[in-house]
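[1] what follows is a predicted protein model with its sequence.
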Amino acid sequence: MLSKLILIGLGGGTGSIFRYLTSLLISKYFQTVFPVATFTVNFIGCLFIGLLLGLLGQQQTVNSNFGFLFVTGFCGGYTTFSTFAAENLNLFLSGNSTTAFIYIILSVIVCVIAVWFGFALSQFIS
């Protein structure tokens, strides 16, 4: 149990660092009321988790620690749906309801499609 927690912690910390760096990079080039950085992180995270789940599902012999490190840890630390919820609250509170609704709809639809695409991609590359 302790080794699983350590793997999840290492993956989560690494994912959080990558989330921060991705957000910095995106925010440098896109300054708008629409939360492009968080949207991008959620899209990448959903694509990656779909790819990992597809690959792990095919490889029955893969050590489950890989899943703890990358799926639970890294992807859990990298994706930002709690930030997503807080940003939507702020958009609503600042009178940007239309932007909030667009952000919610796009995030849900595009990220579910990204998980599906990542999973399909895993079938293609393996």
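    Received the coordinates, thanks.
[2] make it CA atoms for all contacts and neighbour counts henceforth
    Fine.
[3] mind listing what's buried in the lowest-mean-pLDDT helix or strand in the chain?
    Least confident helix or strand, the chain: helix 64-67 with a mean of 88, by mean pLDDT, DSSP states H and E. Residues of helix 64-67 classed as buried under the neighbour-count rule (16 or more other C-alpha atoms under 10 Å) are Phe66, Gly67.
[4] and for Leu55, the neighbour number?
    20 (other C-alpha atoms under 10 Å).
[5] do the same with Leu7
    20.
[6] Leu21 now?
    12.
[7] next secondary structure element downstream of the least confident helix or strand of the chain?
    Next along the chain after helix 64-67, taking DSSP states H and E as the criterion, comes helix 76-78.
[8] that next one: what's the following helix or strand?
    Next helix or strand after helix 76-78 toward the C-terminus (DSSP H and E): helix 81-93.
[9] figure out how far stretch 95-107 is from the centre of its chain.
    Computed by C-alpha atoms, centre = their mean, to the nearest Å, the chain-centroid distance of stretch 95-107 equals 18 Å.
[10] can you give me the buried ones in that stretch?
    Thr99, Ala100, Tyr103, Ser107.
[11] now do stretch 9-28
    9-16, 18-20, 22-23, 26.
[12] Gln59: which of these is nearest?
    Distance ranking of the buried residues of stretch 9-28 against Gln59, using C-alpha to C-alpha, places Gly11 first at 20.3 Å.
[13] so that closest one makes contact with Phe74?
    Yes - using C-alpha atoms under 8 Å, Gly11 is in contact with Phe74, at 4.1 Å.
[14] quick check: phi and psi at the residue lying farthest from the centre of the chain.
    Note on the chain: the largest C-alpha distance from the chain mean falls to Gly95, namely 26.9 Å (C-alpha atoms, centre = their mean). Gly95 has phi and psi values of phi 80, psi 10 when expressed as degrees, to the nearest 10.
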